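# Quick check, what structure comes out for this input:
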Amino acid sequence: MRLTIYTGILLAGGFTCLSPALAADPTGDWRVADGVANIRVAQCNGSMWGAVSWEKQPGGRDENNPDVSKKNRPTLGMATLIDMRKKAGADQWEGQVYNANDGQLYSATITPVGSDQLEIKGCVMGFLCGGETWTRVGPPIPLSPTNTAAKGGAPKTTGAAPKAAGTAMAAAPAPTTAAPKSTAAAKPGQKGAADAVGDICLLPEITGFAH
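Alright, predicted model coming up:
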């Protein structure tokens with residue numbers, strides 16, 4: 001079975017031995033398997049969140065979202081890993097993934113594999129699992145006051161109601177240009193020509209849910 005998270009076709013992959021020193025840190029920027037996007041992962045108020053931090057083809061829109069008001073929102077900066085909590089006794093976080101291909105939320109896990117790979121996996125009814133492995137392109141992101149401060153506010157959802165993870169987890173823009181060599185972790189709130197996203201914990205979508 002194959003599972004797509006944000007871009008293209010994701011290949012099912014297995015686990016390897018984890019490096020004790022770095023295995024448990026999924027934060028940083030990660031290149032998706034087909035190379036068309038980077039996902040920035042950071043800890044926001046105790047949970048791991050991921051957002052699109054770079055696109056090979058700029059200008060993507062969340063056009064398949066069932067919420068009409070969100071169909072024109074940019075995919076750059078859009079949350080993809082939603083409120084992922086540490087699993088007891090394992091170097092693994094579980095939560096939800098937003099599927100831009102159908103505008104739905106699906107259950108999923110992320111697991112660091114060594115220091116430079118992150119396995120994304122989703123399962124249907126606890127089996128028939130598929131996923132892909134992302135490659136690190138930016139260093140781990142240290143906690144910032146924004147990431148740790150709880151500010152109150154009602155949780156908000158990204159798309160429609162959650163579903164069990166299944167196939168076809170997201171759409172990909174067609175690659176047209178070469179991918180950057182690296183994406184550095186941003187300081188809280190930092191944005192610029194080379195980093196249009198900055199601290200993902202400051203993104204309104206994540207702030208409204210996590211704080």
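
# Neighbours of Gln117, how many?
Gln117 has 16 neighbours, counted by other CB atoms under 10 Å. For the C-beta atoms, the positions are set from N, CA and C on the backbone; glycine is no exception.

# what's the spacing between the spatially closest residue to it that is not a sequence neighbour and Arg31?
Nearest residue to Gln117, sequence neighbours excluded (CB to CB, 6 or more residues apart in numbering): Thr133, at 5.1 Å. Thr133 is 10 Å from Arg31, where distance means CB to CB, to the nearest Å.

# Check Glu63 too.
To Arg31, Glu63 is 24 Å away according to CB to CB.

# repeat for Lys86
Taking CB to CB, one finds Lys86 at 24 Å from Arg31.

# Could you check which of Glu63 and Arg31 is surrounded by more residues?
Using other CB under 10 Å, the more surrounded residue of Glu63 and Arg31 is Arg31, with 22 against 13.

# correct me, but the more buried one touches Asn38?
Yes - with contacts defined as CB atoms under 8 Å, Arg31 counts as touching Asn38 at a distance of 5.6 Å.

# Direction included, what does the helix or strand Arg85 falls within pair against?
For Arg85, the host element (DSSP states H and E) is strand 79-86. Using DSSP bridges, the strands paired with strand 79-86 in its sheet are strand 47-55 (antiparallel), strand 93-99 (antiparallel).

# quick one: average confidence on it?
Here strand 79-86 scores 95 as its mean pLDDT.

# doesn't Thr133 make contact with Glu119?
Yes - using CB under 8 Å, Glu119 and Thr133 qualify as a contacting pair, with a distance of 5.2 Å.

# neighbours around Arg85, how many?
Neighbours of Arg85 using other CB under 10 Å come to 12.

# same check, this time on Ala24
Using other CB under 10 Å, Ala24 has 15 neighbouring residues.

# Just to check, it is in contact with Ile110?
No - using CB under 8 Å, Ala24 makes no contact with Ile110, being 11.2 Å away.

# so who does the nearest residue to Arg61 once chain neighbours are set aside touch?
Excluding the flanking residues, the one nearest Arg61 by CB to CB, 6+ apart is Asn72, at 5.6 Å. Applying CB atoms under 8 Å, 6 or more residues apart in numbering to Asn72 gives the contacts Arg61, Asp62, Glu63.

# mind listing the strands in this protein by residue range?
Ranges of strands in the chain, per DSSP state E, are 28-31, 37-44, 47-55, 79-86, 93-99, 104-113, 117-124, 127-136, 162-163.

# Noted, bye for now.
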